[in-house]
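Chemist: I'd like to go over a predicted model; first the sequence, then the structure.
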Amino acid sequence: MTFVTPRKNRRISRGATVLIFGTLAAVLLCALITGCGYGTGAFRNDSTQKDASEPPLLTQVYLQEAVSGGFGRTMQVRHATLSGEGMDKIVEIGVDRPATCGDGSVEGTMASSSGNVMAYLFEYPEISRVTVTMYGVDQGIKSDEIAAKVTVNRTTAKDIDWSMFGPMTMSSMVDEYYIYPRLQTFPAA
């Protein structure tokens, strides 16, 4: 048995196909024009850059601005400190758990936020280690209890595919990993 699509339906199908491919082409063009990947967006300040391939000079003030922009409005940055000298600088970042972040979302929130910030910070060759700590084990209650903590050193960072850094892979990709036991949603690898 052979099915024949009426002429009107073929025109609609062709129109839908053209619309889909046209939309895809427009999205790809926008991605090429605006740039994509880490190192763009909230972390870049083109007015302070001399060369677009090099990140701005990392100072304590710039670190605070970059980290605040990297975590956006969802998390309040408690501190972002830069210590050490020469090619052995250490970044320590502390953030409050967002009030809207449920217990089952802590790992995912920590993975996406810390992964983006770390990927950007390791563009600086002088950074040897980055630690991100999220405070607040109970949703909506600020405290000094550690909900999650992740540390990555430069050697490990070189081997990380940041696009794969997520809640299910984070614990096996970092040097130090801690999550308050009640908040762990995936078994540690």
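Modeler: Right, received. Where do you want to start?
Chemist: for the chain, which segments count as helices?
Modeler: 7-34, 60-71, 106-121, 154-159, 170-173 (DSSP state H).
Chemist: now do the contacts for Ser143.
Modeler: Taking C-beta atoms under 8 Å, 6 or more residues apart in numbering, we find Ser143 in contact with 135-137. Using the backbone N, CA and C atoms, a C-beta is placed for each residue, glycine as well.
Chemist: from the residues you listed, pick the one nearest Met118.
Modeler: Closest approach between those and Met118, by C-beta to C-beta: Tyr135, at 18.0 Å.
Chemist: any regions of the chain where pLDDT drops low?
Modeler: 1-55, 73-74, 186-189 (pLDDT under 70).
Chemist: take the contacts of Ser143 and lay them out in JSON lines including distance to Leu82.
Modeler: As requested, the contacts of Ser143 are exported to JSON lines (distance: C-beta to C-beta, whole Å):
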{"residue": "Tyr135", "distance to Leu82": "20"}
{"residue": "Gly136", "distance to Leu82": "24"}
{"residue": "Val137", "distance to Leu82": "27"}
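Chemist: filter these down to just the ones in strands.
Modeler: Residues of the contacts of Ser143 located in strands (DSSP state E): Tyr135.
Chemist: how about the nearest residue to Thr151, chain neighbours excluded?
Modeler: Distance criterion C-beta to C-beta, 6 or more residues apart in numbering; nearest residue to Thr151, sequence neighbours excluded, is Glu176 at 3.8 Å.
Chemist: I figured the one you found was touching Lys149, is that so?
Modeler: Yes: between Glu176 and Lys149 there is a contact at 7.1 Å, judged by C-beta atoms under 8 Å.
Chemist: give me the common contacts of those two.
Modeler: Going by C-beta under 8 Å, 6+ apart, residues that sit against Glu176 and also against Lys149 are Thr131.
Chemist: ok, those two, which is more surrounded?
Modeler: Lys149 (19 against 13; other C-beta atoms under 10 Å).
Chemist: next up, the contacts around that one.
Modeler: 131-134, 176-179.
Chemist: in stretch 95-105, which residues are buried?
Modeler: 95-98, 101, 103, 105 (16 or more other C-beta atoms under 10 Å).
Chemist: can you say which two of these are spatially most distant?
Modeler: Val95 and Asp103 (16.7 Å).
Chemist: I'd assumed His79 was in contact with Ser68.
Modeler: No: shown here, Ser68 and His79 do not form a contact pair, counting by C-beta under 8 Å, at 10.9 Å.
Chemist: these two: which is more packed in?
Modeler: With neighbours defined as other C-beta under 10 Å, Ser68 and His79 compare such that Ser68 has more, 16 against 11.
Chemist: so how many other residues sit close to the closest residue to that one other than its chain neighbours?
Modeler: Distances taken as C-beta to C-beta, 6+ apart place Val77 nearest to Ser68, at 5.1 Å, with adjacent residues excluded. Neighbourhood size, Val77 [other C-beta under 10 Å]: 17.
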